[in-house]
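Enquirer: Predicted model follows, preceded by the sequence.
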Amino acid sequence: MYALQVEGLTKHYPGFTLRDVSFSLEPGYIMGFIGRNGAGKTTTIKSILNIIHRDAGHVSVFGQDALEQEKAVKGQVGLVLGGVNYYPKKKLKTIAQVTSRFYENWDREAFCQLLEQFELDENKTVSQLSSGMRVKFAIALALAHRPKLLILDEPTSGLDPVSRDEILEILQRLVESGERSILFSTHITSDLEKCADYITYIKKGEIVFSLDRETLEDRYWVVSGGIDALTPALEQTFVGTKKNRYGFSALVERTQAPDGFTLTKPTYEDILIHLEREDEHEFAF
Amino acid sequence: MNLLFKEIKLALHPSMFIYLALSTMVLIPAYPYHLIFFYTALGIFNVSMFGRENSDPLYSVILPVAKRDVVRARIQLAALCQLAQILVCVLLMPLARRINPTGNPVGLDANLTFLGSGFLLYTVFNFIFFPAFYKTAYKVGVPFILGCVGIAVYMLAEEGVLLLFPPAAVLDGFAPEHLPARLLALGIGFAVWLLGLVLTYKRAAARFEKVDL
């Protein structure tokens, strides 16, 4: 049984369409959900939990339909949509008190430990927190009821490197038992190098791939060389070629790797940048 | 019940308590008492606007509840406030009668018919305001204006019936022989209000389901 299964998720907006988004996540794994700003990551996440009304598609969480069993599904999910931005003038303890009533398995002790670890003072109001601290508070709220599926939308943006590392460690510990799963959207791809088991890449509202990290890492090389050696025929086999006066770099599928050039293992950022660059227009200044 | 607790703990704006205190206006000897119920509507508008400014709809739908439960809790909160407003009126009515034994010259006396009429006025406001607000869960001004227009039309219609339909006069005043008629007016008003709450919820929840937050 999948922890999360998304099939044919579709949402039309004027000027943007989330089209036929499908992917699945098994228990015990972390999936990184990547794409540039406006690619449809947040729309997908919100559609999964009926926060956005989908036009078509089917979502199930541990076998339960997310629409028909909305309440039960949400009870198993911890959702972080950036930082806490609601009720800014209320104290953290008031928001926690209200939120805790909705979860049977709310773990007050674990919640207090998280607050301590994140150096959050319960007597402060949300408006007194920095944006990074608001994200930490949202994560503490989402983890306190021990969700089986954690869905995080840009949880590390706005956090300092130490806090980011701290949160990534917590996430890795969470999936260790093999029962919990995490869907983690971000454009800080270096975070995923540390913890993701699967990468799902969305571009302009459509899923380009959803692969395990080994398959993805074995798929591409970054090829680079002098600009004179770049022939049009060669460029045809490359993805998202970046050129300057002296040289070029591009992504190339390993099966099509040319001889005589420097080949290096791409980071997720390299893959994202080159794939996004593929059909971009050059700006003339 | 958890959502209703959330409504009271987080969403209820303190101005509602001031509006509840305005039930004391039944003590004014000559006053269109229906305006008391308008203040409850104003309080509901404040709660909705305060909730919107605090991103209450987004917070609520993240919680483990069905989307339509969010609408039900808000309507339950409104219903509680409306009942509380009526209850304060009830508590003050004996004193109002002593202060003003000759009756109210500018509309219904503060009697059982007045309470039944209050329930009908609330029904009109709820049925217009909530479905219009939950069409977006954001735009609150126009739904409130439309609700106020509904209240005004209802008040005019009621005054028209009392003026143009002489048998309806039995509903005004405190004559003991007309108590059954006034009790009937209260019963009808209360029953319509309850039914109206259910219909309002169904209409508003169906609209909120389609809202993208």
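Expert: Noted; the coordinates are in hand. Remember, predicted model here, so these are calculated numbers, not experimental data.

Enquirer: which intervals of the stretch 1-150 of chain A have sub-threshold pLDDT?
Expert: The model of the stretch 1-150 of chain A has no residue with pLDDT under 70.

Enquirer: give me phi/psi at residue B:69?
Expert: The phi/psi pair for residue B:69 (degrees, to the nearest 10) reads phi -60, psi -30.

Enquirer: what does the stretch 51-200 of chain A put close to chain B?
Expert: A:51-53, A:70-72, A:74-75, A:79, A:81, A:85-90, A:94-95, A:97-99, A:101-103 (CB under 8 Å from any CB of the partner chain). (Glycine included, C-beta is placed from N, CA and C.)

Enquirer: 7 Å instead?
Expert: Within the stretch 51-200 of chain A, the positions lying close to chain B (CB under 7 Å from any CB of the partner chain) are A:51-53, A:70-71, A:74-75, A:79, A:85-87, A:90, A:94, A:98-99, A:101-103.

Enquirer: middle-most residue in chain A, spatially?
Expert: residue A:185 (1.3 Å; CA atoms, centre = their mean).

Enquirer: Any chance you could note which residues of chain B sit beside chain A?
Expert: Proximity of chain B to chain A (CB under 7 Å from any CB) is limited to residues B:2, B:5-6, B:9-10, B:54-56, B:58-59, B:61-67, B:209-213.

Enquirer: Give me the buried subset of those residues.
Expert: B:2, B:6, B:10, B:54, B:56, B:59, B:61-67, B:211, B:213 (16 or more other CB atoms under 10 Å in any protein chain shown).

Enquirer: from the stretch 151-285 of chain A, which residue is nearest to chain B?
Expert: Nearest residue of the stretch 151-285 of chain A to chain B, counting by CB to the nearest CB: residue A:151, 10.3 Å away.

Enquirer: Against which helices or strands is whichever strand or helix holds that residue packed?
Expert: Per DSSP states H and E: residue A:151 is located in strand A:149-153. With contacts taken as 3 or more CB pairs under 7 Å, 6 or more residues apart in numbering or on different chains; DSSP states H and E, strand A:149-153 sits against helix A:41-48, strand A:77-81, strand A:181-186.

Enquirer: Flag every buried residue along the very next helix or strand once past that strand.
Expert: Note on strand A:149-153: by DSSP H and E, the next helix or strand toward the C-terminus is helix A:161-175. Buried residues in helix A:161-175, counted by 16+ other CB under 10 Å: A:163, A:164, A:167, A:168, A:171, A:174, A:175.

Enquirer: where exactly do the helices run in the stretch 101-250 of chain A?
Expert: Counting by DSSP state H, counting those that start in this stretch, the stretch 101-250 of chain A has helices at residues A:108-117, A:131-143, A:161-175, A:189-195, A:213-217, A:232-237.

Enquirer: Tell me which of these lies nearest to residue B:111.
Expert: helix A:131-143 (50.5 Å; CB to CB).

Enquirer: neighbouring contacts of the closest one?
Expert: Residues from elsewhere that reach helix A:131-143 (CB atoms under 7 Å, 6 or more residues apart in numbering or on different chains): A:78-80, A:82-85, A:92, A:96, A:99, A:111, A:114-115, A:118, A:120, A:126, A:129, A:150, A:155, A:158-160, A:163, A:167.

Enquirer: Report the buried members of these.
Expert: For the contacts of helix A:131-143, buried by 16+ other CB under 10 Å: A:78-80, A:82-85, A:92, A:96, A:99, A:111, A:114-115, A:118, A:120, A:126, A:129, A:150, A:155, A:158-159, A:163, A:167.

Enquirer: ok so, going back, I'd like to know which of the residues of chain B next to chain A are part of helices.
Expert: Of the residues of chain B next to chain A, the ones assigned to helices by DSSP state H are B:2, B:5, B:6, B:56, B:58, B:59, B:61, B:62, B:67, B:209.

Enquirer: can you tell me which two in these are farthest apart?
Expert: B:5 and B:209 (23.3 Å).

Enquirer: Include distance to residue B:18 when you put the helices of the stretch 101-250 of chain A into a markdown table, please.
Expert: Formatted as a markdown table, the helices of the stretch 101-250 of chain A follow (distance: least, CB to CB, whole Å):
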| stretch | distance to residue B:18 |
| --- | --- |
| helix A:108-117 | 36 |
| helix A:131-143 | 32 |
| helix A:161-175 | 43 |
| helix A:189-195 | 49 |
| helix A:213-217 | 59 |
| helix A:232-237 | 72 |
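
Enquirer: what about residue B:174, how many neighbours?
Expert: 15 (other CB atoms under 10 Å in any protein chain shown).
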